[in-house]
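J.: After the sequence you'll find the predicted model.
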Amino acid sequence: MISRKEIDSILNKYNLDELEICTLGSHTALQIMKGAKVESFKNLLLCTEKTMDFYKSWKIVDEIIEVDSYRSILSKNIQKELIEKNSILIPHGSFVEYVGAENIINKVKVPIHGNRLVLEWESDRKKERKWFEKSGLKVPREFKSPEDIDSLSIVKFPGARGGGGYFLVKDGEEFYRKLKESDLPDDIKREYTIQEYIIGTRFYPHFYYSPLDDKIELLGMDIRYESNIDGLVRIPSIIQNQVGVDPEYVITGNIPVVMRESLLPKLMGLGRNLVEESKKLFKPGIVGPFCIEMVCTSELEFVCFEISARIVAGTNLFINGSAYSNILYDEPMSCGRRICREIRIAKEKNRLNEIIY
């Protein structure tokens, strides 16, 4: 593991007047680049040949480095160049999916906004569940063996793959059949998680935690637009049965949503509990943006499934602010901009080492 001391040593040599905000050309890159621009930072993207032309067409992008693949960020030459440019990396879903949490923790020497140790806890479902339970969050039942399935359940796989490969089952026999039919790699198939399917309304709240003032902000909220399930539900059930198409949960877009206001105090309490428990589990705890995947039942209980301890794609809805961030700020505040604002404030207060690792 790359130590905090090593990252601090690199950060201490940076020219703070020449900081560059850097990320991979994917996911929330445009939002992050715009946020950097508005907060008066230079910005930089790492792009593959496939994405170069697309990102070049946006005037907000200052500089692009072409790489063979996103894993090229693990190369010593690329990291050396980024460090020489005083870069601060902003992790997002594609970063985690293509580079890998373990590689980010152990091999990326470029300073990263947030606490990279959180990636170990969000990518390991057992650790994630332990974090949730210690935080007092209600979680769905999990079945250790397919033979134990006794209710409608959803089978999930690791990685920030946007719901790809998930499927519903009602018993062990259906589980084995669908797993065999899945086109996921065998090593991914072996890492399945079987969760009780909770019926209710989905919410994905976007939080930001600042250790500089110990505040949690609710910056926005979304629900995912998923293929093919969101198309299937528009078809009458009798026709669904005739068609015989299994539902899939591949995220193709995001839809804005606001939560019943009387539920917000409970929601903010969940966020605070996660932050406080994280300080005990992996010091100094979660830093910056995070999102909880949850369902609200008809009894108005929150059941929590996963956490994304970084900026999520649903924040792209709110580049000019959300219903919530517009109350917090008298200016358009996206999650990408909020990250860059935090970096600017920390720089001015000489506290960058508290939000960078």
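T.: Sure, I can see it.
J.: Can you get me a residue count around the closest residue to N15 other than its chain neighbours?
T.: Leaving aside its sequence neighbours, N15 sits nearest to N86 (CB to CB, 6 or more residues apart in numbering; 5.4 Å). Yep, even glycine has a C-beta here, placed from its N, CA and C like the rest. Using other CB atoms under 10 Å, the number of residues around N86 comes to 20.
J.: same thing with I235?
T.: 13.
J.: Also L152?
T.: Residues near L152, counting by other CB under 10 Å: 13.
J.: And it, what's its pLDDT?
T.: Model confidence at L152, given as pLDDT, is 96.
J.: Skipping its backbone neighbours, what lies nearest it in space?
T.: With sequence-adjacent residues excluded and distances taken as CB to CB, 6+ apart, L152 is closest to Y197, at 4.4 Å.
J.: sorry, back to before: now the residue nearest to N15: how far from D8?
T.: Using CB to CB, to the nearest Å, we find N86 at a distance of 15 Å from D8.
J.: sorry, back to before: spit out the contact partners of the residue nearest to N15.
T.: Y14, N15, L16, E18, L19, E20 (CB atoms under 8 Å, 6 or more residues apart in numbering).
J.: by contact count, what packs against the top strand by length along the chain?
T.: Counting residues, the longest strand found in the chain (DSSP state E) is strand 215-228. Based on contacts counted as 3 or more CB pairs under 8 Å, 6 or more residues apart in numbering; DSSP states H and E, the elements that strand 215-228 packs against are strand 201-210, strand 249-256, helix 264-281, helix 325-328, helix 335-348.
J.: Show me the contact partners of stretch 11-23.
T.: 29, 32-33, 35-36, 41-46, 62-63, 82, 85-92, 95, 110-111, 340, 343, 347, 352-353, 356.
J.: Tell me the buried residues in that stretch?
T.: L11, Y14, L19, E20, I21, C22, T23 (16 or more other CB atoms under 10 Å).
J.: Just the contacts of N86: which are in strands?
T.: Per DSSP E, the contacts of N86 map to strands at E20.
J.: Can I get the contacts of N86 in JSON lines including distance to D213 and pLDDT?
T.: Putting the contacts of N86 into JSON lines (distance: CB to CB, whole Å; pLDDT from 0 to 100) gives the following:
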{"residue": "Y14", "distance to D213": "23", "pLDDT": "99"}
{"residue": "N15", "distance to D213": "26", "pLDDT": "98"}
{"residue": "L16", "distance to D213": "20", "pLDDT": "98"}
{"residue": "E18", "distance to D213": "26", "pLDDT": "98"}
{"residue": "L19", "distance to D213": "21", "pLDDT": "99"}
{"residue": "E20", "distance to D213": "25", "pLDDT": "99"}
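J.: N77 is in what secondary structure piece?
T.: helix 76-84 (DSSP states H and E).
J.: That helix: what's the following helix or strand?
T.: According to DSSP H and E, the helix or strand after helix 76-84 is strand 87-89.
J.: and that following strand, how far from the chain's centre?
T.: Distance, stretch centre to chain centre, for strand 87-89: 18 Å (CA atoms, centre = their mean, to the nearest Å).
J.: and the helix or strand that that strand is followed by, what other elements does it pack with?
T.: Per DSSP H and E, the first helix or strand lying C-terminal to strand 87-89 is helix 93-99. Packing partners of helix 93-99 (3+ CB pairs under 8 Å, 6+ apart): strand 20-24.
J.: what comes into contact with the helix or strand following the strand it packs on?
T.: Counting by DSSP H and E, the next helix or strand C-terminal to strand 20-24 is helix 29-38. Outside helix 29-38, the residues that touch it by CB under 8 Å, 6+ apart are 21, 23, 42-43, 45, 55, 58, 60-62, 90, 92, 311, 315-316, 319, 334-341.
J.: ditto for stretch 337-354
T.: So stretch 337-354 is in contact with 8, 11, 16, 19, 21, 31-32, 34-36, 38-41, 88, 90, 113, 208, 210-212, 217, 219, 284, 287-289, 311, 325, 333, 355-356, going by CB under 8 Å, 6+ apart.
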